[in-house]
Structures are given as structure tokens and as C-alpha cells.
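Enquirer: A structural model of the following input is requested.
(one chain, ligands or ions: 2)
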Amino acid sequence: MGRFISFEGIDGSGKSTQARALAEALRARGEDVVLTREPGGSAGAEEIRALVLQGDPDRWSPETEILLFTAARRDHLEKTIRPALARGATVITDRFADSTRIYQGVTRGDLAATVDQLHALMIGVEPDLTFLIDLPAKEGLARAQTRAGVEMRFEDMGLDMQTRMRAGFLDLAARHARFRVIDGRGSSAEVAARVAQAL
Ligand code: ADP
Ligand code: TYD
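Expert: Residues are numbered from 1 along each chain as shown. Ligands and ions are numbered 1, 2, ... in the order given. Predicted structure coming up:
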């Protein structure tokens, strides 16, 4: 079985950049690496991604949204993650279940137990290692807002929400040994060096 690694953090924290950098560094050492992302990472899950991140943000109820993120994750797990781990590849995913715990759990605190129950029922696995790229909410927003696109992102909810998300991630990291909290400030090369050191 290969290693299963996730990157988590608020929008604009630099997760995607760091996931890519780690994948390249491990490939340069000859490792078989599958770099993937959520929501998405398989053909079916990418279709669900478009459903959940495009169009009217009020299209889905919070409950339906949790089901869609979980359905996408289930397909990603079946079609991409499990086969790659089974052949011994290292899987690096840009977001996994912690994102649902934080984004859906923080925006709708009363649904946190539902998120956990659905995870236990339908997903049931955690990464071996999770890098939390930690950045002050203000810096994350500034980085994220330089991007343009058709997708709704939770960054649109503003600074206060991003601050709560960051605190949620740090709290989760403090409670699970699989987390490594990485200081996301500085250049991407500096952050990548911290990730490599922690690995
Ligand atoms: P995330 O996946 O967490 O939303 P990205 O890796 O997409 O973050 O980065 C968000 C934006 O910030 C991108 O435009 C990216 O090029 C830029 N960026 C990433 N890392 C850094 C860094 N260490 N310093 C400055 N800008 C960065
Ligand atoms: P992503 O493409 O990683 O955005 P970013 O690069 O801005 O971090 O994720 C898209 C959005 O989906 C992001 O705002 C976080 C949100 N999301 C959830 O709300 N729940 C989830 O379970 C996942 C995986 C993502």
C-alpha cells in the first residue's frame, strides 16, 4: 500500500501550489505519485464539482451540499485513490474529508455530527499524513482574490468566515496526530522547504 497524503487549509493558503511542489519533488526521486484534488479527482467527481461550485450558490440546501461533497469523495476514493494506493503509489490530494468537517461544519455547526456520521458510513478512511498550510485569513484572501474564475468559493464569504475556518483547521490539527501544521507565510519555495522537512 502506498502513502496517502492530504493538503488542507483555507482558500488561498497555497495548498495547491504545495501539493504540486511535493508531487514534483517525490517524482524527481523516482516515486510513483498521483496528484489529485477535491471536490473532483475522478471523472464522476469532477462532474459533481461543477454541480456544487458553479451556478446559484443557493441552489442546494446545506444537507444536499454535504451529500454532494461526500458522493464526490466516494467516487474519488473508488476510482482514483484506492487503485493508486493498491499499486503502491503515493497519493497526494489537494483537500479531503477535513475540508467538509471545516467548511460545512463551521458554516452549519448543527450539521457537524451529520458530516461525521456520513463520513463513517461512506468514506471511513483518513490520510496517513495531512499538511495544514496555515496562513492568516487576510493573507489567504489577498492571494485567493488574485484568481478569477467561474467557481464559487467560500472565500467569497469574507474575512470573518475565513478567520473561523482557519481556527477550525488549527483546532482539528491539534486533535489528530496525522496533522503537520506548516507556516504558509513567505515564498512558495520557503513553504515547500518546510513541507519537505516535516515529511
Ligand atoms: P489554494 O490551493 O490554497 O487556494 P494556491 O496554491 O492556489 O492556494 O495559491 C493561491 C494564489 O497564491 C495563487 O495565485 C498562487 O500562485 C499564489 N501563491 C501560492 N503560494 C504562494 C506564496 N508562498 N507566496 C505568494 N503567493 C503564493
Ligand atoms: P478548492 O478548489 O480547493 O478552492 P481553493 O483553491 O480556493 O482552496 O475548493 C473549492 C471550494 O470548495 C473551497 O472554497 C472549499 C470548498 N469545499 C467545501 O466546502 N467542502 C469540501 O468538502 C471540499 C472538498 C471543498
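Enquirer: packing partners for the lowest-mean-pLDDT helix or strand in the chain?
Expert: Of all helical and strand segments in the chain, the minimum by mean pLDDT, DSSP states H and E falls on helix 105-107, at a mean of 84. Secondary-structure packing of helix 105-107 (3 or more Cβ pairs under 8 Å, 6 or more residues apart in numbering; DSSP states H and E): helix 159-175. (Each C-beta comes from the backbone N, C-alpha and C, glycine too.)
Enquirer: what about the helix or strand just after the helix it packs on, distance to the chain center?
Expert: Tracing the chain past helix 159-175, the next element assigned as helix or strand by DSSP states H and E is strand 179-183. The chain centroid and the centroid of strand 179-183 are separated by 14 Å, computed with Cα atoms, centre = their mean, to the nearest Å.
Enquirer: what's strand 179-183 packed up against?
Expert: Looks like strand 179-183 contacts strand 129-134, helix 159-175, helix 188-198 (3+ Cβ pairs under 8 Å, 6+ apart).
Enquirer: that older thread, report the buried residues of the least confident helix or strand of the chain.
Expert: Neighbour counts over helix 105-107 (16 or more other Cβ atoms under 10 Å) mark 105-106 as buried.
Enquirer: who's in contact with that helix?
Expert: In this structure, residues lying in contact with helix 105-107 by Cβ atoms under 8 Å, 6 or more residues apart in numbering are 62, 111-112, 115, 154, 157, 161, 164-165, 168.
Enquirer: got the CA coordinates for the helix or strand following it in CSV?
Expert: Per DSSP H and E, the first helix or strand lying C-terminal to helix 105-107 is helix 112-122. The C-alpha trace of helix 112-122 is given here as CSV (Å, rounded to 0.1, in the frame of the first residue of the first chain):
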residue,chain,number,x,y,z
ALA,A,112,-21.2,18.7,12.2
ALA,A,113,-22.5,15.4,13.6
THR,A,114,-24.1,14.6,10.2
VAL,A,115,-20.8,15.2,8.4
ASP,A,116,-19.1,12.8,10.8
GLN,A,117,-21.8,10.1,10.5
LEU,A,118,-21.8,10.3,6.7
HIS,A,119,-18.0,10.1,6.7
ALA,A,120,-18.1,6.9,8.9
LEU,A,121,-20.8,5.4,6.7
MET,A,122,-19.5,6.2,3.2
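Enquirer: which residues touch helix 112-122?
Expert: If you take Cβ under 8 Å, 6+ apart as the criterion, helix 112-122 is touched by 63, 66-67, 70, 73-74, 97, 100-101, 104-105.
Enquirer: from the chain's centroid, how far away is that helix?
Expert: For helix 112-122, the distance to the chain centre is 17 Å (Cα atoms, centre = their mean).
Enquirer: how about stretch 32-39?
Expert: Centroid separation for stretch 32-39 versus its chain: 11 Å, with Cα atoms, centre = their mean.
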